[in-house]
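*Asks:* Got a predicted structure here, sequence first:
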Amino acid sequence: MRPRRFEWAGAAPTASAVREWTAAAVPPVDVAPIEREVRERGDEALLELTARFDATESPLTSLRVERATADSALRDIDPGLRESLRLAASNVRAVAELQVAEEVRELELPQGQRVAVREVPVGAAGVYAPGGRAAYPSSVVMCAVPAKVAGVERVVLATPPGPDGGLHPLVLAAAALCEVDEIYAVGGAQAIFALAHGTESIAPVDVIAGPGNAWVREAKRAVYGTVGIDSLAGPSELMLIADEGTDPEWAALDLCAQAEHGAGGALLAVATEAAVLDRLAGACEGAASRIGGLEEAPLALAAVPDLDAAAELANAFAPEHLQVMVAAPDPLAERVRTAGCVFVGAGGATAFGDYVAGSNHVLPTGGAGRFSGPLGPGAFRRRISSVQVPAEAAAKLAPHVDALARAEGLPVHGESAMIRVKEGE
């Protein structure tokens, strides 16, 4: 790992310095040429790009994967793995169902008009699961289950095939378990553009959700406005607050686990004592050398004056994951307002949230926790307002509409309201 000490300069400056240092490990990408290819040539471009980046040994002739293939994969996988997938889906579903609001909320205001707000699901949702040489059935569960709980009728999975052109059995099994409606063997930025704009094989969706690499993130940024997106989830992040009682081996494994996602993620260990940070750094280096492949993972180490400052730093940094591993974690955790997910106490490893705790692992990164939160059914639902203005309410409201509209230089708006009063007299 690449450890670096950061001196306390206040919450916002320290958070900014850590973000700048870790972001330097992620090179910029340009997805515009891929979008042009997909929009102009559709399936032909998708098949060419998939053969170039993913299905390098056995190029695909079709993007669609039949549901029967996924059902077969669910039957054939190891029974223990199947039970773990079912547990993950069950817990994620239980938490998602807590978040679904009542369908209609109605209010009668003092002037007599009635305003109702109801929530309805979007028509189609695209789910992206990273893949290729690795398998992420957990991402299928985290995205597809909330979409189904939201009531989405058409849930579409896009995930890259392996070099042999096939999808991983665990990803297919998760898709079957979560009742995904359509499965396509296509990944990367091209998958996002296909879901947003449509091709001969893939009808466009309304919302796209799911984690991915920098190419996927920038493609989601490019299509936002054409479709909705859950967030711009980037490399995995973990901020960990420790004290003298924190087990350095546990903390080191938690940090290394998030580093497994790639070198571009932000890892930040915080403590009030330099000796605690020294022990954490040593444990992380020892674990990383044993695990291998984590040489480039950046580990920021920040000493703070006190735990109040640690909470301030967490709010300024807005980490994707925050582990509070101090002696009295609850008061400190309650002060944090911007983390994507807070894991409270020594037992709360982020890995539980990545898989089976029930919380969602699609979380805001890069400081986006300041304005967004975990993926849930709300990402796949939209609100519709309806207004009823009886004659009595119109008589009370119209003069105010007229006054405000004329003040804004829009007199016809006022006339539109006033005519209902005059003709009702």
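*Replies:* Great, that's in hand. Numbering: from 1, shown residues only.
*Asks:* switch to C-alpha atoms for all contacts and neighbour counts from now on
*Replies:* Will do.
*Asks:* helices or strands next to the top helix by length along the chain in the packing?
*Replies:* If you go by DSSP state H, the chain has its longest helix at helix 79-98. Judged by 3 or more Cα pairs under 8 Å, 6 or more residues apart in numbering; DSSP states H and E, the packing partners of helix 79-98 are helix 137-150.
*Asks:* Find the nearest non-adjacent residue to residue 316, please.
*Replies:* With Cα to Cα, 6 or more residues apart in numbering as the criterion, residue 316 has its nearest non-adjacent residue at 5.3 Å, and that residue is residue 12.
*Asks:* State the number of residues packed around the one you found.
*Replies:* 15 (other Cα atoms under 10 Å).
*Asks:* thinking it is in contact with residue 317, fair?
*Replies:* Yes. The pair residue 12 / residue 317 is scored as a contact, 7.4 Å apart, by Cα atoms under 8 Å.
*Asks:* returning to that earlier point: can you name every helix or strand that the helix or strand where the residue nearest to residue 316 lies contacts?
*Replies:* Here residue 12 sits within helix 11-23, counting by DSSP states H and E. Using 3+ Cα pairs under 8 Å, 6+ apart, the elements in contact with helix 11-23 are helix 307-317.
*Asks:* Let me know the angle separating the longest helix of the chain from helix 137-150.
*Replies:* 40 degrees (axes from the mean of the first three to the mean of the last three Cα atoms, to 10 degrees).
*Asks:* contacting residues for the residue nearest to residue 232 when sequence neighbours are not counted?
*Replies:* Of all residues not flanking residue 232 in the chain, residue 217 sits nearest, at 5.6 Å (Cα to Cα, 6+ apart). Contact analysis of residue 217 by Cα atoms under 8 Å, 6 or more residues apart in numbering lists 189, 211, 232-234.
*Asks:* what's the answer for residue 145, then?
*Replies:* Each residue near residue 145 by Cα under 8 Å, 6+ apart is listed here: 89, 92-93, 96, 178.
*Asks:* I'd like the distance from it to residue 209, if you could.
*Replies:* 12 Å (Cα to Cα, to the nearest Å).
*Asks:* what does residue 303 give?
*Replies:* When residue 303 is compared with residue 209 (using Cα to Cα), they lie 36 Å apart.
*Asks:* Of the two, give the one with the bigger neighbour count.
*Replies:* residue 209 (28 against 20).
*Asks:* Quick check: beta-bridge partners of the more buried one?
*Replies:* Counting by DSSP bridges, residue 209 forms beta bridges with residue 127.
*Asks:* pLDDT weak spots in the protein?
*Replies:* Residues of the chain meeting the criterion pLDDT under 70: 101-103, 132-133, 263, 423-425.
*Asks:* Which residue ranges make up each domain of it?
*Replies:* 2-26+235-357, 32-102+122-231, 389-424 (automatic domain parsing).
*Asks:* Take those domains and write them to JSON lines, including distance to residue 370.
*Replies:* Formatted as JSON lines, the domains of the chain follow (distance: least, Cα to Cα, whole Å):
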{"stretch": "domain 2-26+235-357", "distance to residue 370": "5"}
{"stretch": "domain 32-102+122-231", "distance to residue 370": "12"}
{"stretch": "domain 389-424", "distance to residue 370": "34"}
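*Asks:* so which of those domains comes closest to residue 375?
*Replies:* domain 32-102+122-231 (6.5 Å; Cα to Cα).
*Asks:* what sits against residue 115?
*Replies:* With Cα under 8 Å, 6+ apart, residue 115 has these contacts: 106-109, 385-388.
*Asks:* what's the farthest-apart pair in these?
*Replies:* Using Cα to Cα, the two most remote members of the contacts of residue 115 are 109 and 385, lying 14.3 Å apart.
*Asks:* circling back to that earlier point, next structured bit after the helix holding residue 12?
*Replies:* Once the chain leaves helix 11-23, the next helix or strand it forms, by DSSP H and E, is helix 32-41.
*Asks:* residues of the helix or strand following that next one that come out buried?
*Replies:* For helix 32-41, the succeeding helix or strand toward the C-terminus, using DSSP H and E, is helix 43-53. For helix 43-53, burial by neighbour count (16 or more other Cα atoms under 10 Å) applies to 43, 45-47, 49-51, 53.
*Asks:* Now do the same contact list for the spatially most central residue of the chain.
*Replies:* For the chain, the residue nearest the mean C-alpha position is residue 362 (3.3 Å; Cα atoms, centre = their mean). For residue 362, the contact set (Cα under 8 Å, 6+ apart) comprises 139, 142-143, 210-211, 233, 374-375.
*Asks:* same deal with residue 70?
*Replies:* So, once contact is read as Cα under 8 Å, 6+ apart, residue 70 ends up touching 169, 172-176.
*Asks:* No further queries at this time; thank you.
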